[in-house]
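In: Requesting a structural model of the entry that follows:
(2 chains)
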There are 2 protein chains.
Amino acid sequence: MGTSLELHRPATELTATLVDLESVSGNEAELTDAVEQALRGCPQLSVRRLGNVLVARTELGLSRRVLLAGHLDTVPVAGNLPSRIADGRLHGCGSSDMKAGVALQLRAAHLVGTGALRPATELTWIFYDCEEVEAARNGLNRLAAEQPEQLRADLAILLEPTECAVEGGCQGTMRAEIELTGRRAHSARSWLGVNAIHLAAPVLQRLADYQPREVPVDGLVYREGLNAVGIAGGVAGNVVPDRCTVTVNYRFAPDRDESDAEEHLRSVFDGYRLSVLDSAPSARPGMDQPLVREAVAALGGGRVSAKLGWTDVARFAALGIPALNFGPGDPNLAHRVDESVELAAIERGEQALLAFLAG
Amino acid sequence: MGTSLELHRPATELTATLVDLESVSGNEAELTDAVEQALRGCPQLSVRRLGNVLVARTELGLSRRVLLAGHLDTVPVAGNLPSRIADGRLHGCGSSDMKAGVALQLRAAHLVGTGALRPATELTWIFYDCEEVEAARNGLNRLAAEQPEQLRADLAILLEPTECAVEGGCQGTMRAEIELTGRRAHSARSWLGVNAIHLAAPVLQRLADYQPREVPVDGLVYREGLNAVGIAGGVAGNVVPDRCTVTVNYRFAPDRDESDAEEHLRSVFDGYRLSVLDSAPSARPGMDQPLVREAVAALGGGRVSAKLGWTDVARFAALGIPALNFGPGDPNLAHRVDESVELAAIERGEQALLAFLAG
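Out: Here you go, the predicted model:
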């Protein structure tokens, strides 16, 4: 018999229960069971389960739909379970990233699903698995590929940690490798070789000289970045090396898609052999849409900034759905052994979210 | 009962016997026993043993002394034992580096030690262990530290492989590490960090622009080299790295000692944090000395070039003894699985060496 979630209890208590239900990526079944059981206890919600992904929906006949998304998994536990409360904070693995956000999703589901809160729009909840691991396993990614209609909405809110700030869209990210090729030789007769590490000098100089763009998109300013994140070369202490690789990471504003980003990298490193290793698309914030502006007013008191990191909001953007990031956790504490979340932020986030949903 | 060496047999056969007596560094005892027994069979030689180092000497009342040095150990066996003959070559671990040279030492010891050859000078033979491993274990190094009088001579010939060319002195070698320090940050907010890999650009440019010297020393031209032999940096695919290290190797002509070499490196990389990792001194060829010129005439037909790699001749130079490299092996095959030595080169080398020793 699994743990049952008491959705009528305060969001802070619910967060603690969620944290104590260990759900490292790949091991979400028990938590998914508990969330499913709790959602099925909400008479006004229709609930579907696909593996460890849950979708709950209202069908009230309203014209617009808001979607609340959050992942159930965490990075590996590092001696930081069970949760404990100290100094006004709940400490434990996943507390900030993002069980506090999941608690807000569930509180809204309970209040709407039991009729206690009349929402201004239709609502969809998505709870998914494997966000903390490779994209191919990501539950939202799989749902978007297999049943994209489940993601349809006029606005998606991803409850990843932002300290209750509203952050619009997200930047894209691309990693590429530049390979320098020389000719190996004994370092005592180095003129017989071509040193591949020396050939990297102009590549690093281009990176050092690079002026990243600051791009306004829908009124938000995205600040790009292009950085070497790795360099490797060398055979032995007495050998002129024949190979050196520079790995770069380009964070690009939502006015560029992945194809634009690759084209830009190829122009920056014109004349060099460049291979794209992986990438994830950017997401426009959609600030031109009334529902987005309403969300910013209610959730952020009118304040919104550009999301500079990459998040799953890009999955919605790929379907043309504007998306915001808003959650009570602290992104700087995510993935840390000393991860925690401020209890007052959970309460503040819940109030703002419920006020927005009620319209 | 160990293998006994038949010193009256041709040098090619003796080389094969030596190759088949496996003597990877640290495991030279059996071969040292065999060499000691053979030397003790030469009535006109006095023989001393220190660990796995053997010193044999003549005391004939002649005015000058020539020293013949060679190491008994090999790099690890790589399926290339026992030896075999094919295409006019003897194949096997240590055949070029340097059991063919040891065979020439032993042939000379046999002929002089039994009175068959009257030498023009006094002779010393040194056979030593652990040349292929760290300097602290090197048998010649230990002998030079503990009993430097055993190394005294007017000329030392190291029988390392040169394809029977005469190579004078040797270049020194120094490895140093240049450390670049930045500030770590998430690559999505890279302006909060300082990228240590980007900071390496001017270091690599200095290496790429570096013009190595070509230095005449005692009439031989030494061609220097300064190369990156390693570079490493990077924390993760989404992190601006805070550390990058560039490892360089400087090969320096015998007009510079290790202290000069370090000073030069510090001036090339002025403004950077540089640590010397290790170094070995250069050796002057001593071409101004009559005995050296006689050796060049007899062994090389008057031709001599600068030794560009580093060898144990530097141990003699440190004691003020001029030293040449001369041996039948092929240095390009040393340390290779397909190591071999040309049989005709062993015969040619033996003839030249005996002609020189006879004066």
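
In: what's the burial count for the residue in the stretch 251-359 of chain A that chain B sits nearest to?
Out: Residue nearest to chain B within the stretch 251-359 of chain A (CB to the nearest CB): residue A:309, separated by 4.2 Å. From N, CA and C alone the C-beta is placed, and that goes for glycine too. With neighbours defined by other CB atoms under 10 Å in any protein chain shown, the count for residue A:309 comes to 18.

In: One more: residue A:117?
Out: For residue A:117, using other CB under 10 Å, the count is 17.

In: For chain B, give me its nearest residue in the stretch 1-150 of chain A.
Out: Closest point on the stretch 1-150 of chain A to chain B, by CB to the nearest CB, is residue A:134, at 12.2 Å.

In: Give me the phi and psi angles of that residue.
Out: Main-chain torsions, residue A:134, degrees, to the nearest 10: phi -60, psi 150.

In: likewise residue A:327?
Out: Main-chain torsions, residue A:327, degrees, to the nearest 10: phi -160, psi 160.

In: for it, what are its contacts?
Out: Residues near residue A:327 by CB atoms under 8 Å, 6 or more residues apart in numbering or on different chains: A:70, A:98, A:100-101, A:104, A:158-162, A:164, A:349.

In: Just the ones in strands from these, please.
Out: A:70, A:158 (DSSP state E).

In: so which two of the contacts of residue A:327 are the farthest from each other?
Out: Greatest spacing in those, by CB to CB: A:70 and A:164 (14.7 Å).

In: And these two? Which one has more around it.
Out: Legend: neighbour count by other CB under 10 Å for residue A:70 and residue A:164, higher for residue A:70 (25 against 22).

In: ok, residue A:293 touching residue A:285?
Out: No - applying CB atoms under 8 Å, one finds residue A:293 not in contact with residue A:285, separated by 10.6 Å.

In: Between those two, which has more neighbouring residues?
Out: The neighbour comparison of residue A:293 against residue A:285 (other CB under 10 Å) goes to residue A:285, with 29 against 14.

In: Turn the contacts of residue A:327 into CSV, including pLDDT.
Out: Shown next, in CSV, are the contacts of residue A:327 (pLDDT from 0 to 100):
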residue, pLDDT
A:70, 98
A:98, 97
A:100, 98
A:101, 98
A:104, 98
A:158, 98
A:159, 98
A:160, 96
A:161, 96
A:162, 96
A:164, 97
A:349, 98
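
In: Most neighbours among the contacts of residue A:327, which one is it?
Out: Neighbour tally across the contacts of residue A:327 (other CB under 10 Å): the maximum, 33 neighbours, falls on residue A:100.

In: got the contact list for stretch A:264-278?
Out: Residues outside stretch A:264-278 that contact it (CB under 8 Å, 6+ apart): A:174-181, A:203, A:206, A:210, A:226, A:247-248, A:250, A:252, A:256, A:262.

In: Sheet partners, orientation included, of the helix or strand containing residue A:247?
Out: Counting by DSSP states H and E, the element that carries residue A:247 is strand A:243-252. Strands that pair with strand A:243-252, judged by DSSP bridges, come out as strand A:172-181 (antiparallel), strand A:225-233 (antiparallel).

In: Mind listing what's buried along the longest one?
Out: Put plainly, it is strand A:172-181. Under the neighbour-count criterion of 16 or more other CB atoms under 10 Å in any protein chain shown, strand A:172-181 has A:172-176, A:178, A:180 buried.

In: Output those residues in CSV, with pLDDT appended to each entry.
Out: Shown next, in CSV, are those (pLDDT from 0 to 100):
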residue, pLDDT
A:172, 95
A:173, 95
A:174, 96
A:175, 95
A:176, 97
A:178, 98
A:180, 98
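
In: ranges for the strands of the stretch 251-359 of chain A?
Out: Counting by DSSP state E, counting those that start in this stretch, one finds strands in the stretch 251-359 of chain A at the ranges A:273-280, A:305-306, A:323-325, A:340-342.

In: now the stretch 51-200 of chain A
Out: Along the stretch 51-200 of chain A, counting by DSSP E, counting those that start in this stretch, strands occupy A:53-57, A:65-71, A:84-86, A:89-91, A:122-128, A:155-158, A:167-168, A:172-181, A:185-186.

In: Compile those strands into TSV and extend it with columns for distance to residue A:138.
Out: Below are those laid out as TSV (distance: least, CB to CB, whole Å):
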stretch	distance to residue A:138
strand A:53-57	10
strand A:65-71	8
strand A:84-86	30
strand A:89-91	26
strand A:122-128	7
strand A:155-158	13
strand A:167-168	20
strand A:172-181	15
strand A:185-186	46
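
In: worst average pLDDT in those strands?
Out: Looking at the strands of the stretch 51-200 of chain A, the lowest mean pLDDT belongs to strand A:185-186 (a mean of 86).

In: by contact count, what packs against that one?
Out: Packing partners of strand A:185-186 (3 or more CB pairs under 8 Å, 6 or more residues apart in numbering or on different chains; DSSP states H and E): strand A:239-240.

In: Show me where the stretch 1-150 of chain A dips below the pLDDT cut-off.
Out: A:1 (pLDDT under 70).

In: thinking again about what came up before, identify the nearest residue to the residue of the stretch 251-359 of chain A closest to chain B in space, disregarding sequence-adjacent positions?
Out: Leaving out its chain neighbours, the residue that sits closest to residue A:309 by CB to CB, 6 or more residues apart in numbering or on different chains is residue B:188, at 4.2 Å.
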